[in-house]
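Q: Next one to model:
(chains A and B)
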Amino acid sequence: MTDILNGDETAKLPSPPAEDGEEPWELRLYVAGQSAKSVAAFANLRALCERYLPGKYEIEIVDLLQKPQLARGDQIVAIPTLVRKLPEPIRKIVGDLSNTEKTLVGLQLRPRAW
Amino acid sequence: MTDVARREEVGRTNGHAEQELAKSATGIQGLDEITVGGLPAGRPTLICGSAGCGKTLLSLEFIVRGALEFGENGVFMAFEETGEELSQNVRSLGFDLDQLIEDGKLVVDYVHIDRSEIDETGEYDLEGLFIRLADAIDQVGAKRVILDTIESLFAGLSNDAILRSELRRLFRWLKERGVTAIITGERGEKTLTRQGLEEYVSDCVILLDHRVSSQLSTRRLRIVKYRGSTHGTNEYPFLIDEFGISVLPITSLGLKHGATTERISTGVAGLDAMLGGKGPYRASSILISGTAGTGKTTIAAHFADAACRRGERCLYFAFEESPDQIVRNMRSVGVDLKPWVDRGLLEIQANRPSMYGLETHLTTMYREVREFRPQLVIMDPITSFLRSDAGNDAEAMLVRMIDFLKGGEITSLFTSLTRGGSVLEQSEVGVSSLIDTWLVVKEIEQQGERNRGLYVIKSRGMSHSDQIREFQLTSEGVKLKDAYIGPEGVVTGSARIAQEAREEAAKVRRQEDIERKQRALERKRRALNAQIAALRLEFEGEEHEAQRLIDEDQRREDGLLQGRGEMARSRKVDPQPQKGQEAT
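A: You can find the predicted model right below:
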């Protein structure tokens, strides 16, 4: 866990190739260093993806302390922010992703029904 | 330490702190004057006001001037407009943001939060904003930072508690970074800003206002607080023109303009004589004040006429009469302005003062002056402005106008209508300090008639006449007459004519007297001459007689001697006759 955040400013998880007909999920998590919120967000995201998007997701972690200029591109203000680059449209989820239900809704993996 | 001594010590430290408070000059005309040097350096300042009051523009000007004039680079974090929109909006003010960005003097970061694409879950902070800001500041080594309008965050993110604590942290962080920051905020219903930002930013708060009174809109600026510094506490009108924002405190008068020694004619011969014999200085400010119908406009028309005769351009702002009316009326007193209008030397701009707000008037006049490039500008009358509710603002406007005209070596002439009674109305006293040459046309009522007197209250830099002259409007223009000082003051009109007649009679009498005396003298001279002639004749007569007697005596003597000789010869007394021997 911490290893991934420690090494490069961005780290990519190995992800298996997407299945036919299924769009790959491109997710980007913006963090600032090793803050508790960032670490929690990554853990929550990882768990969620493994369960709901097995084998068709890719997570890029951007540490703004290392690459501050990247904050502009995705209009990042709050940390941590999860950006769903693909599938479109772009969605953003701000916070440590501790509420799985809300996160799933935010990622449009579950309809906004409640 | 006694109480007194302690208090003194406290007082000293306070005074010391005030001197030490570093300020960051805005370069905005007038604002530095009322803030005594600028915004607090290294601290955040809150600028609040309702929509469209000029918050963004003020902060942009602060940052552009900082980069251009004070060598302090800036970061503009825009929450409401994109960089392109900002660039476009201020291009009309002559600010080229793109160039500044290219030169590495400015970073514009557009922060956009679209609530529709964002969900929130769990804990977060605004570290991303901090990082972006820090990055932008480091890119250009910024000393000035604008956050416009940070309250937009409240629309984009829903967790108020987090936002508030993060904002507090942000302002603290800005202070620690030592940047001079402006935070703008939309005015709330009961508070200065909707989100109560004034709680967090406590060093300097400036309130902008855009209000309409008597259907005229005026922008105003007020410094609500400025910790640790004295500041102007009034509401100051400000305007936005093609040079950006100008706040109008009376002290903004630069007093840097040069002074020419060239004199110009007023067009009224007698008036030139009253002003040191040569007329007023070029580029000076002249005020003609007087009650209604005393001929202020006529004198102004003479000025205009004289300028056009010299081949100069004259711009005439008329606030009470239409251009045609002025031309017609002036023709009746022998000043024909029509040819000058036709030749393009004279331009008459007629506007009702109530047509626009003061700022717009000032802006319009600035623009007209810049386009027409006149050597003489006439504002007739300025009273209409001074009488409106915005009396003080009007003074400020005149200060700016005079300042501007002097800077351009343009002579300015103002007329001012005074009510009856004292000529020195209060409203004029305010303006008078800005005036170099002040002429007063006074109504003199005497013996059942009304006449006009003209005198010079002051004329800087020349010895001017202190005499009240009678002033006549004739069909050949303005004529100044020497005034007679009678036992009851200046004698004018028919009293003056009577006085003139009396003087004429006295003169004739004196003349006759002289002639009579001369005649008497002549008579005496003639009598004397006659006497002399008579005496001479008498003398000549006597002289003649005397000569005759003398001759007679001579002859008798000769005859005697002859007789004696003959006698001797006949007696043969002596053979040798002895001459000269006389017998006794």
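Q: Tell me the helix or strand right after the lowest-mean-pLDDT helix or strand in chain B.
A: Every helix and strand of chain B was ranked by mean pLDDT, DSSP states H and E. The lowest is helix B:3-20, at a mean of 44. Using DSSP states H and E, the next helix or strand after helix B:3-20 towards the C-terminus is strand B:23-24.
Q: I'd like the mean pLDDT over that next one, please.
A: The pLDDT scores in strand B:23-24 average 88.
Q: So what are the sheet partners of it and their directions?
A: Looking at strand B:23-24 with DSSP bridges, its partner strands are strand B:39-40 (antiparallel).
Q: ok, residues contacting the strand it pairs with?
A: B:21-24, B:26, B:45, B:62, B:180, B:182, B:203-204, B:226-229 (CB atoms under 8 Å, 6 or more residues apart in numbering or on different chains). All C-beta spots, glycine's among them, are computed from the backbone N, C-alpha and C.
Q: tell me which of these is nearest to chain A?
A: Chain A has its nearest neighbour among the contacts of strand B:39-40 in residue B:182, at 19.2 Å by CB to the nearest CB.
Q: Quick check: the closest one vs residue B:148, distance?
A: 8 Å (CB to CB, to the nearest Å).
Q: ok, now residue B:312?
A: Using CB to CB, residue B:312 is found at 47 Å from residue B:148.
Q: Also residue A:34?
A: Residue A:34 is 33 Å from residue B:148, by CB to CB.
Q: Residue B:559 too?
A: Using CB to CB, one gets 153 Å for the distance from residue B:559 to residue B:148.
Q: who's more crowded, the two?
A: Legend: neighbour count by other CB atoms under 10 Å in any protein chain shown for residue B:559 and residue B:148, higher for residue B:148 (25 against 10).
Q: Who is that one paired with across the strands?
A: Assessed by DSSP bridges, residue B:148 has beta-bridge partners residue B:78.
Q: And for residue B:110?
A: Going by DSSP bridges, residue B:110 forms beta bridges with residue B:78.
Q: you'd agree it is up against residue B:82?
A: Yes. Using CB atoms under 8 Å, residue B:110 is in contact with residue B:82, at 4.7 Å.
Q: Could you check which of these two is surrounded by more residues?
A: More neighbours surround residue B:110 than the other of residue B:110 and residue B:82, with 17 against 12 (other CB under 10 Å).
Q: contacting residues for the more buried one?
A: The contact partners of residue B:110, by CB under 8 Å, 6+ apart, come to B:78, B:79, B:81, B:82, B:83.
Q: which one of those residues is nearest residue B:266?
A: When the contacts of residue B:110 are compared for distance to residue B:266 (CB to CB), residue B:81 wins out at 53.1 Å.
Q: Those residues of chain B touching chain A, which are they?
A: Proximity of chain B to chain A, by CB under 8 Å from any CB of the partner chain, involves residues B:109, B:111-114, B:117-129, B:131-132, B:134-135, B:153, B:156-157.
Q: need the contacts of residue B:110 in CSV with pLDDT, can you?
A: Below are the contacts of residue B:110 laid out as CSV (pLDDT from 0 to 100):
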residue, pLDDT
B:78, 90
B:79, 88
B:81, 86
B:82, 87
B:83, 85
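Q: Pull out the buried members of those.
A: Neighbour counting with 16 or more other CB atoms under 10 Å in any protein chain shown marks B:78, B:79, B:81, B:83 as buried within the contacts of residue B:110.
Q: I am finished for the moment; much appreciated.
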